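In: Everything below, folded, please.
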Amino acid sequence: MKITTPMTITAADSTARTITGRIVAFEEVANASTGKVIFAKDSVAPADVKLNLEHDRTRPIGKTLSMTVNEDSIDATFKIANTTAGSDALEEAMSGLRDGFSIELAVDEYTMEKDGSMRVLAGELTGVALVTEPAVRSARVAEVAATEAEETPKDSESTVDAEETPTTEGDEVDNTVTNADTVETVEAAQSVTANAKPAVGGWTSKPRLEFTSVKLLENTIKASLGNEDARQYVLAAADTTDNAGLIPTRQLTTVINGLANNTRSAIDAISTGTLPDAGMSFEIPKITTLPTVAETAEAGGPSNTDQASSYVTVSVKKYAGQQQFSVELFDRSSPLFIQELMNNMAAQYAAATDKAVYTALASGATADSTSITTYPTASELLGVVSRGAASVYTNTQGFARNILMNTSQWANLMTLNESGRPIYMAAQPSNAGGVVRPDSIRGNVAGLDLFVSANVPTANNEDKDDSILIINPTAYTWYESPTYQLRADVIASGEILVAMYGYGAIATKIGAGAFGVNKT
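Out: The predicted structure follows:
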């Protein structure tokens with residue numbers, strides 16, 4: 001069994017995104033799902049755990065920043081994630097709406113007191129949750145340090161009679177446990193062996209609720225806006241053991257998206273750098289004439305050729321997208337909407353920048369002098385690799401290390417064989433031409449690292465199809481800034497504008513650093 005006892009939050013800082021408070025009070029009575037629980041002094045040790053919302057491990061909102069053991073308690077500070085749920089949790093903590101901590105403890109050693117309460121002697125801290133109602137009322141927010149103002153602690157609520165059990169209007173609570181699951185847990189606690197780790201859950205009583213379709217709709221909407229009471233109503237409605245006939249359709253938090261991802265294979269196939277902090281263009285020095293060294297006759301003058309240089313000018317481009325929608329959609333829909341929107345905008349940003357890099361690589365690539373079929377055979381592909389490696393080395397004095405291709409060429413690649421033996425999927429030393437797997441867009445082909453991209457531009461000319469490129473990654477560099485998000489209220493229409501943008505620049509240092517196929 002698992003102990004879940006709420007404790008006090010003492011500070012919430014929206015700038016540093018931290019929440020601080022007491023998570024364990026020693027020698028103080030708490031109410032858990034198994035009954036009263038008392039933690040003996042030093043029975044709980046600090047641990048690096050996640051901070052969950054209302055003990056839902058599928059909704060983590062932060063993680064441990066620090067824990068301090070005091071004379072009669074343990075205080076902890078949690079770093080809150082920069083997510084919609086994390087921001088909501090900070091606001092609720094600062095507003096006193098969700099202002100309690102609750103620990104989860106796997107019990108190693110305990111005794112049962114005469115009054116039926118469990119006295120924990122040793123246990124392992126497995127989690128902490130931000131909750132609405134703590135079982136120990138001394139476990140509340142004592143200080144809130146916000147960006148705009150500070151709220152002082154509620155001294156009148158800082159302590160409570162240890163024997164007092166909180167009840168809710170309409171609840172039925174008596175001296176015996178009536179919930180079947182709870183009874184089973186208590187019995188397990190009394191018969192647990194020394195090697196087991198019992199755990200105690202947070203104390204609750206099951207309210208009597210009015211289940212109607214109208215009430216369900218009302219509470220479903222409120223729950224989507226963060227109302228915890230409404231969320232509990234919806235969860236109770238889903239339990240049809242004593243509410244036959246009311247089976248609401250559940251909506252999962254998983255969103256199906258088969259249209260976009262964040263893969264940028266063209267960018268991965270070259271070198272990358274940080275974009276300069278100013279300007280819409282920058283320059284990179286480039287040697288254009290080398291000094292010479294030659295065989296020199298006795299007493300003769302040495303070869304004398306001046307080294308010369310110029311500059312490669314690189315243009316900085318902005319990549320941006322926006323969404324404009326009604327304030328009603330933003331306010332009264334699930335937070336999942338805005339999260340998925342930003343995920344998709346990030347994926348589209350990745351696709352746009354990757355396509356820009358692929359275009360630059362293809363436009364400057366040297367065309368193969370030998371024509372091949374659209375989808376080459378094994379011997380034709382080996383010929384492309386060998387000619388491409390020689391061309392890249394000749395023109396850049398650097399080696400071809402990567403091969404970039406589109407998905408159609410990737411499909412053909414996996415079919416290539418010699419006398420029935422798959423060449424580019426083989427891993428045996430006797431046939432180690434390369435390794436290509438159908439569940440990966442990375443691999444190895446004839447000694448070159450394989451990158452597969454779905455962001456291939458339309459062919460730039462008639463003789464090159466840009467479907468296969470042999471690349472020296474040092475001949476090209478992608479410079480990029482961080483991405484930015486911008487939200488603006490459109491007052492005239494009562495709408496919200498959300499934009500994502502960033503800056504990037506592809507530097508073609510040596511155009512002949514790429515080699516492209518020449519189709520028949």
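
In: What residues sit buried inside stretch 357-368?
Out: 357, 358, 359, 360, 361, 362, 363, 364, 365, 366, 368 (16 or more other C-beta atoms under 10 Å). Bear in mind the C-beta positions are built from the backbone N, C-alpha and C, glycine included.

In: Which members of these are positioned in helices?
Out: 357, 358, 359, 360, 361, 362, 363, 364 (DSSP state H).

In: any idea which of these is the one closest to residue 288?
Out: residue 364 (17.0 Å; C-beta to C-beta).

In: List the contacts of the closest one.
Out: Going by C-beta atoms under 8 Å, 6 or more residues apart in numbering, residue 364 touches 508, 511, 512, 513, 514.

In: what do you get if the cut-off is 7 Å, keeping everything else the same?
Out: 508, 511, 514 (C-beta atoms under 7 Å, 6 or more residues apart in numbering).

In: Mean pLDDT per helix and strand in this structure: which one sits at the bottom?
Out: Within the chain, no helix or strand scores below helix 180-190, which has a mean of 33 by mean pLDDT, DSSP states H and E.

In: quick one: the strands in the stretch 201-350 of the chain?
Out: Ranges of strands in the stretch 201-350 of the chain, per DSSP state E, counting those that start in this stretch, are 271-274, 281-289, 308-315, 317-326.

In: Is the spatially closest residue to residue 57 that is not a sequence neighbour in a helix, a strand, or coil?
Out: Of all residues not flanking residue 57 in the chain, residue 127 sits nearest, at 7.0 Å (C-beta to C-beta, 6 or more residues apart in numbering). Three-state call for residue 127 (DSSP: H, G, I helix; E, B strand; the rest coil): strand.

In: hmm, back to that, generate TSV for the buried residues of stretch 357-368, with pLDDT as supplementary columns.
Out: Below are the buried residues of stretch 357-368 laid out as TSV (pLDDT from 0 to 100):
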residue	pLDDT
357	94
358	93
359	91
360	92
361	92
362	89
363	87
364	85
365	90
366	91
368	90
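
In: got the residues you listed as TSV, with distance to residue 468 columns?
Out: Shown next, in TSV, are the buried residues of stretch 357-368 (distance: C-beta to C-beta, whole Å):
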residue	distance to residue 468
357	16
358	12
359	15
360	16
361	11
362	10
363	15
364	15
365	10
366	13
368	9
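
In: between those, which is nearest residue 314?
Out: residue 360 (10.6 Å).

In: dump the residue contacts of the closest one.
Out: Applying C-beta under 7 Å, 6+ apart, the residues contacting residue 360 are 506, 508.

In: So what touches stretch 306-314?
Out: 281-291, 505, 507, 509.

In: can we see that at 8 Å?
Out: Residues contacting stretch 306-314 (C-beta under 8 Å, 6+ apart): 281-291, 479, 505-509.

In: Of the ones in helices among the buried residues of stretch 357-368, which is the nearest to residue 305?
Out: For those, the nearest to residue 305 is residue 364 (27.4 Å; C-beta to C-beta).

In: Give me the distance between the closest one and residue 445.
Out: 22 Å (C-beta to C-beta, to the nearest Å).

In: ok, back up a step: can the contacts of residue 364 go into CSV with extra columns for secondary structure and neighbour count?
Out: Shown next, in CSV, are these (DSSP: H, G, I helix; E, B strand; the rest coil; neighbours: other C-beta atoms under 10 Å):
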residue, secondary structure, neighbour count
508, strand, 18
511, helix, 16
514, strand, 32
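
In: what about stretch 90-105, average pLDDT?
Out: Per-residue pLDDT over stretch 90-105 has a mean of 83.

In: go on, stretch 512-520?
Out: The model assigns stretch 512-520 a mean pLDDT of 84.

In: Pull out the buried residues from it.
Out: For stretch 512-520, using 16+ other C-beta under 10 Å, the buried residues are 512, 513, 514, 515, 516, 517, 518, 519.

In: Just send these back as a markdown table, with distance to residue 397 and secondary structure too.
Out: Formatted as a markdown table, the buried residues of stretch 512-520 follow (distance: C-beta to C-beta, whole Å; DSSP: H, G, I helix; E, B strand; the rest coil):
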| residue | distance to residue 397 | secondary structure |
| --- | --- | --- |
| 512 | 11 | helix |
| 513 | 10 | helix |
| 514 | 15 | strand |
| 515 | 15 | strand |
| 516 | 20 | strand |
| 517 | 23 | strand |
| 518 | 24 | strand |
| 519 | 29 | strand |
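
In: Need the max-distance pair from the residues you listed.
Out: 513 and 519 (21.2 Å).

In: how about the strands in the stretch 351-500 of the chain?
Out: Using DSSP E, counting those that start in this stretch, strands in the stretch 351-500 of the chain cover 366-372, 402-406, 417-418, 421-422, 434-436, 442-445, 448-453, 468-471, 476-480, 484-490, 495-508.

In: just the angle between the longest one and strand 476-480, please?
Out: What that stands for is strand 495-508. Angle, strand 495-508 to strand 476-480, by axes from the mean of the first three to the mean of the last three C-alpha atoms, to 10 degrees: 150 degrees.

In: which of the residues in strand 495-508 are buried?
Out: So for strand 495-508, counting by 16+ other C-beta under 10 Å, buried means 495, 496, 498, 500, 501, 502, 503, 504, 505, 506, 507, 508.

In: For the first one, name its beta-bridge partners.
Out: According to DSSP bridges, residue 326, residue 490 are recorded as the beta-bridge partners of residue 495.

In: Isn't it up against residue 325?
Out: Yes. Residue 495 is in contact with residue 325 according to C-beta atoms under 8 Å; the separation is 6.3 Å.

In: Mutual contacts of these two, please.
Out: Both residue 495 and residue 325 lack any common contact, where contact means C-beta under 8 Å, 6+ apart.

In: tell me which residues form a beta bridge with the closest residue in space to residue 41 that isn't next to it in sequence?
Out: For residue 41, ignoring the flanking residues on the chain, the nearest one in space by C-beta to C-beta, 6+ apart is residue 26 at 4.5 Å. With DSSP bridges applied, residue 26 shows beta-bridge pairing to residue 39.

In: Quick check: residue 26 touching residue 40?
Out: Yes. Here residue 26 lies in contact with residue 40, judged by C-beta under 8 Å, at a distance of 6.7 Å.

In: Which residues are in contact with the nearest residue to residue 279 once chain neighbours are set aside?
Out: Counting by C-beta to C-beta, 6+ apart, residue 316 is the residue found nearest to residue 279 once chain neighbours are left out, at 6.9 Å. By C-beta under 8 Å, 6+ apart, the residues touching residue 316 are 275, 279, 280, 281, 282, 479, 503, 504, 505.

In: State the pair within the residues you listed that is farthest apart.
Out: 279 and 504 (13.7 Å).

In: List the buried residues in stretch 85-97.
Out: For stretch 85-97, by 16+ other C-beta under 10 Å, it's 85, 86, 87, 88, 89, 90, 92, 93, 94.
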